[in-house]
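J.: after the sequence you'll find the predicted model.
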Amino acid sequence: MQNKADFLDIIYTTRAIRKFTQQRVPNESVRKILEAATQAPSGGNRQPWRFLVIRDQDQKEKIGAAYLKGALEYQQKTLQQFKEEQEHNSNSYLSLHFSESPVVIVVCAEYRPLVGDKLGILSQPSSIYPAVQNLLLAANYMGLGGVLTTNHRYHEAEIKTSLGIPESWVILTMIPLGYPAEKHGKKSRQPVEDVSFSDFWDQEAEF
Ligand SMILES: Cc1cc2nc3c(=O)[nH]c(=O)nc-3n(C[C@H](O)[C@H](O)[C@H](O)COP(=O)(O)O)c2cc1C
């Protein structure tokens, strides 16, 4: 990377990529991306993450089927609706084609509620998702793409059994990864003034 402007460019252009070419993702690229992920901060620097890298087609079929069931339930749609809208709706497309992703990275954390821990439900996601964002930014930088998904949650037990994930571990996301068959680029986001305040809730932002 040449300079800081390039770094911001990666942040500004990293999109949710849900369609991939069938080009193989080299192991070295997966390793680099995971190294970027593990540079992220975590509570107490405990680094609670585990990355399960899935390339095996049988395993991808199993988790893809569970993902599809979850997506249908979450979106309250029928399989037929997904099929009809997959051309213009990348969510539906991914749900139907999850198992065709060249690589799926399943990111897990150990579920260890601490007695008297006020962080409660915050503690797990907040120590994992910074690493996931690093992973996605590094993927874009390397010409790859992926998307943070959570639809696995509906049938997590089934996925954990297929992948041999121990009872006490939780899947925080399953990230399909590959060379994009759709483009990174400009995103639709609310202007900063609409989502920020200065000094007091609802007080106009002064920057
Ligand atoms: C917490 C979280 C959960 C998400 N779950 C899913 C998911 O299950 N399936 C999916 O296709 N995308 C999922 N996404 C991706 C979002 O839809 C995507 O990041 C958002 O629409 C912005 O996309 P863009 O950066 O391309 O504009 C999730 C994103 C986040 C942050």
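T.: That came through, no problem. Residues are numbered from 1 along each chain as shown.
J.: quick one: Thr150 and Thr173 touch, right?
T.: Yes. The pair Thr150 / Thr173 is scored as a contact, 6.0 Å apart, by CB atoms under 8 Å. Where you see a C-beta, it was placed from the backbone N, CA and C, and this is true even at glycine.
J.: compare those two (neighbour count), which wins?
T.: Neighbours were counted for Thr150 and for Thr173 using other CB atoms under 10 Å; Thr173 has more, 21 against 14.
J.: only alpha carbons, please: show the strand or helix carrying that one as CSV.
T.: Assigned by DSSP states H and E, Thr173 belongs to strand 169-178. In CSV, the C-alpha atoms belonging to strand 169-178 read as follows (Å, rounded to 0.1, in the frame of the first residue of the first chain):
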residue,chain,number,x,y,z
TRP,A,169,-18.3,-22.3,21.2
VAL,A,170,-20.5,-19.9,19.3
ILE,A,171,-20.5,-19.1,15.6
LEU,A,172,-20.3,-15.3,15.3
THR,A,173,-20.4,-15.2,11.5
MET,A,174,-19.8,-17.3,8.4
ILE,A,175,-18.0,-15.3,5.7
PRO,A,176,-18.2,-16.5,2.1
LEU,A,177,-14.9,-15.5,0.4
GLY,A,178,-13.6,-15.4,-3.2
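J.: work out the gap between that strand and the centre of the chain.
T.: Taking the mean of its C-alpha atoms, strand 169-178 sits 6 Å from the chain's own mean (CA atoms, centre = their mean, to the nearest Å).
J.: is it in proximity to the ligand?
T.: No. Residues of strand 169-178 contacting the ligand under CB under 6 Å from any ligand atom: none, with a closest distance of 7.2 Å.
J.: mind pulling up the pLDDT for the closest residue to Leu94 other than its chain neighbours?
T.: Using CB to CB, 6 or more residues apart in numbering and skipping the chain neighbours, the partner closest in space to Leu94 is Arg18 (3.8 Å). On pLDDT, Arg18 comes in at 98.
J.: contacting residues for Arg18?
T.: Taking CB atoms under 8 Å, 6 or more residues apart in numbering, we find Arg18 in contact with Ser90, Asn91, Tyr93, Leu94, Val147, Pro176, Glu182.
J.: check Ile10 too.
T.: Leu137, Asn140, Tyr141.
J.: and for Ile17?
T.: Taking CB under 8 Å, 6+ apart, we find Ile17 in contact with Gly145, Gly146, Val147, Gly178, Pro180, Glu182, His184.
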